[in-house]
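[1] need coordinates for the below:
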Amino acid sequence: MDTRLKPKNKITVIKRDGSFQIYDEKKIFSAVDEASLKVSGKKLDSATKFLIRDKIEILLSGKYQQEPAFLPKLENSGNVVHVEAIQDCVEEAMMPFAPIGVCKEYILYREHRKKKRGAAVYDVTKIPDDVVTPWGEVGYVTFKRTYARQVDGRPSNETESFRETILLVLNAVQVQLGVPFTVDELRRAYFYMMSLKGLVSGRFLWQLGTETVERFGIMSLQNCAFVTIDEAIKPFLFTFDSLMLGTGVGVSVQREHVSKLPKVCFNGGVAIDVRRMDTNDADFIVPDKRKGWVALLEKVLIAFFETGESFTYSTVLIRNKGAPIKGFGGTASGAEDLCIGIRNIANILQSRQGGTLTSVDCLDIVNIIGSIVVAGNIRRSALIAIGDYNDIAFLTAKRWDLGNIPNWRAMSNNSVVCHDTTNLPAEFWDGYTGKGEPYGLINLKLARQCGRLIDGDKYKDLAVDGCNPCAEQNLCSYETCCLCEIFLPNIDTYQELCDVGEILYRICKHSLALKCHNKRTEAIVHNNMRMGIGMTGYMQASPKQQEWLKDFYVHIRQYDLDYSKKHGFSQERGYNCEFQVNFDGSWDSNTTVVSFPCSYPESTVLAADTSAVEQLEYMVKLNTNYSDNAVSCTVYYRLHELESIKKWLAANYTNKLKSCSFLLHSDHGFQQAPYEEISKELYDEMKAKSIPITA
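    As a prediction, this is how the structure comes out:
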């Protein structure tokens with residue numbers, strides 16, 4: 001090689017196995033010469049190599065990465081670049097100078113080497129255990145309680161560590177999802193997740209790598225779903241099935257949908273009887289599996305809407321209460337809660353024989369389904385019920401001050417579809433005065449008209465019918481979506497934000513390409529490929545970090561276009577614990593409420609210091625600059641602010657707000673509110689009594 005062919009800049013190469021070395025261009029031209037020898041029987045001349053070398057230098061200058069936090073300090077190290085980026089530059093640099101046959105041979109050489117490496121899965125356990133996760137007061141507890149899996153061979157009270165979970169996730173994204181990560185990308189993903197800069201959803205932490213993903217595909221990993229109650233059977237089965245798989249569900253009981261349901265059978269004026277008979281000769285013996293429970297509900301609905309015939313069922317096959325559940329973890333609830341729920345649903349249907357179901361009937365059936373799922377596993381049902389703003393029966397369905405409100409109605413948050421708040425009746429606002437639970441607002445018209453407010457009608461979403469339980473993800477009926485989260489205050493640079501976002505995006509994208517046991521859902525998901533990349537900690541982030549979001553949104557949308565085109569597609573710790581208190585004051589022993597003392601940086605904007613209108617303005621700002629879905633936020637308000645809220649909504653809601661929910665700052669009627677402001681003295685007292693749960 002000509003002596004002039006010497007690298008001008010020091011370059012550190014990140015290899016495919018994650019190791020590092022100083023760039024050596026001799027290896028590049030060895031491969032180029034091999035391609036030339038195969039085509040012409042001779043090596044490229046020095047002049048051509050010199051031209052290619054200079055072009056590579058120019059191209060590489062645009063590929064240098066910011067030095068990763070986990071990069072070893074190599075002697076004489078310089079700019080950092082991945083080996084794949086180098087080879088891309090070589091390929092591009094050869095085109096103007098080398099014979100076309102040699103260029104083609106070099107490309108074929110790369111493809112051959114890639115196939116030779118095959119689908120080899122990188123052993124992620126080689127990634128060093130050198131990241132300390134910055135847990136807050138509640139993070140580790142949430143992980144261990146909800147997402148840490150039982151490990152075979154360990155005591156029943158010992159679940160996997162966070163590192164073990166992340167390694168399982170990174171192994172599964174290769175094996176189950178087929179994400180073509182390089183070793184360096186896997187290491188960066190590990191670093192970001194362990195450092196809580198970004199994280200896949202809890203569903204992924206809980207399920208990736210398990211047989212459940214192989215069996216159910218999409219639904220095993222989806223956070224949210226939505227369905228309209230416009231048929232007598234399928235929407236209720238979809239809700240039950242989704243909740244049983246751990247997916248939160250939004251349900252529309254608007255009259256335009258419920259009115260499509262047929263009449264409940266009343267053949268000959270005879271009441272339909274669904275009776276439990278725990279013998280082996282019952283009409284239907286409930287299998288001890290998720291599908292068995294759903295099948296029992298299906299038989300009930302068929303009896304009331306199609307055949308009009310009574311039947312008996314048996315639960316002799318269902319495991320006893322307390323038996324371990326292998327597939328999803330936790331313990332079995334036994335048959336009692338299922339039978340109670342089926343009896344309650346049958347009672348509602350019996351009361352409507354010969355007539356039609358109302359929106360509140362459908363609301364009750366969905367909530368009863370949710371109560372069965374809560375009792376039946378360690379998961380908690382997430383439900384939102386969406387009704388009409390002028391449906392008075394729906395608006396008063398959670399007015400516990402009126403009495404006779406069944407406990408199961410606590411299972412769903414309720415919202416109404418409305419695009420002009422001046423049309424809201426007094427019954428809607430009654431819930432805001434402490435007489436009942438405040439209902440949220442869904443501006444479905446605006447959600448269909450635009451994505452980010454700043455983009456106008458550039459990204460319309462006309463087919464959406466509702467939203468997920470948090471009301472921030474717009475969805476079509478029978479559609480699901482997956483989520484991931486970026487912890488904005490933990491991001492150091494805009495470049496890091498983009499890298500974290502791209503890695504999480506790719507994991508979500510490939511999960512959406514999985515098959516689904518529900519083919520209707522599979523078709524919709526594969527068509528829309530809908531995901532949510534959430535931003536946690538917006539109010540704790542600096543103004544500079546907040547400003548990144550506007551450009552990041554544009555970046556990740558373009559990345560989506562490019563990528564899609566390319567790929568075609570239980571120790572006591574001193575915390576106060578008590579059972580959940582129901583509407584009627586009774587205790588629900590299926591759910592334990594734990595109090596955690598939490599503090600935030602002094603710069604954090606608190607609800608106590610922010611008016612309801614200011615909180616709404618923050619939502620609009622985020623919806624303008626980043627979120628193309630709605631912004632999931634509960635606005636805390638005081639009674640004296642109601643008029644200003646109404647005035648602001650009248651002026652801004654129609655064109656600026658896709659959804660919102662409200663809660664009285666105090667005196668809201670909840671004995672166990674999810675967030676409660678406390679004094680510094682009480683915080684210090686609770687903190688002194690508790691031991692942080694971080695390991």
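
[2] output stretch 89-104 as CSV, nothing but the C-alphas.
    Output in CSV follows, covering the C-alpha atoms of stretch 89-104 (Å, rounded to 0.1, in the frame of the first residue of the first chain):
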residue,chain,number,x,y,z
CYS,A,89,-18.7,4.6,4.5
VAL,A,90,-16.3,2.2,2.7
GLU,A,91,-19.1,1.0,0.5
GLU,A,92,-20.2,4.6,-0.4
ALA,A,93,-16.6,5.8,-0.9
MET,A,94,-15.8,3.0,-3.4
MET,A,95,-18.7,3.8,-5.7
PRO,A,96,-17.2,6.8,-7.6
PHE,A,97,-13.6,5.4,-7.9
ALA,A,98,-13.6,1.6,-7.9
PRO,A,99,-14.9,-0.6,-10.9
ILE,A,100,-18.6,-1.4,-10.5
GLY,A,101,-17.8,-5.1,-10.4
VAL,A,102,-15.5,-4.6,-7.4
CYS,A,103,-18.1,-2.5,-5.6
LYS,A,104,-20.7,-5.2,-6.1
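
[3] now do the contacts for the spatially closest residue to C598 that is not a sequence neighbour.
    With sequence-adjacent residues excluded and distances taken as CB to CB, 6 or more residues apart in numbering, C598 is closest to E137, at 4.8 Å. To be clear about C-beta, it is placed using only N, CA and C from the backbone, and glycine gets the same treatment. By CB atoms under 8 Å, 6 or more residues apart in numbering, E137 lies in contact with F596, P597, C598, S599, P692.

[4] which of those are buried?
    F596, P597 (16 or more other CB atoms under 10 Å).

[5] tell me where the stretch 501-650 of the chain has strands.
    Applying DSSP state E, counting those that start in this stretch to the stretch 501-650 of the chain gives strands spanning 531-536, 576-581, 587-595, 634-637.

[6] and the third one, what's its mean pLDDT?
    If I follow you right, that is strand 587-595. Averaged across strand 587-595, pLDDT comes to 65.

[7] what about the helices in the stretch 451-600 of the chain?
    Ranges of helices in the stretch 451-600 of the chain, per DSSP state H, counting those that start in this stretch, are 494-512, 519-528, 543-567.

[8] by contact count, what packs against the second one?
    Which is helix 519-528. helix 218-221, strand 479-487 (3 or more CB pairs under 8 Å, 6 or more residues apart in numbering; DSSP states H and E).

[9] how many residues are close by F181?
    19 (other CB atoms under 10 Å).

[10] ok, it - contacts?
    Y122, V173, Q174, A189, I503, R506.

[11] how about Q615?
    Applying CB under 8 Å, 6+ apart, the residues near Q615 are A607, C633, V635, Y636.

[12] separation between the third one and R506?
    With distances defined as CB to CB, to the nearest Å, the gap from V635 to R506 amounts to 34 Å.

[13] can you tell me how far E602 is from L682?
    18 Å.

[14] the more surrounded of those two?
    Using other CB under 10 Å, the more surrounded residue of E602 and L682 is L682, with 12 against 5.

[15] what score does that one have for pLDDT?
    pLDDT at L682 comes out at 83.

[16] quick one: contacts for the spatially most central residue of the chain?
    With distances taken as CA atoms, centre = their mean, L483 lies nearest the centre of the chain, 2.7 Å away. Contacts for L483 (CB under 8 Å, 6+ apart) come out as S201, R203, N223, C224, Q473, C508, M531, G532, I533, G534.
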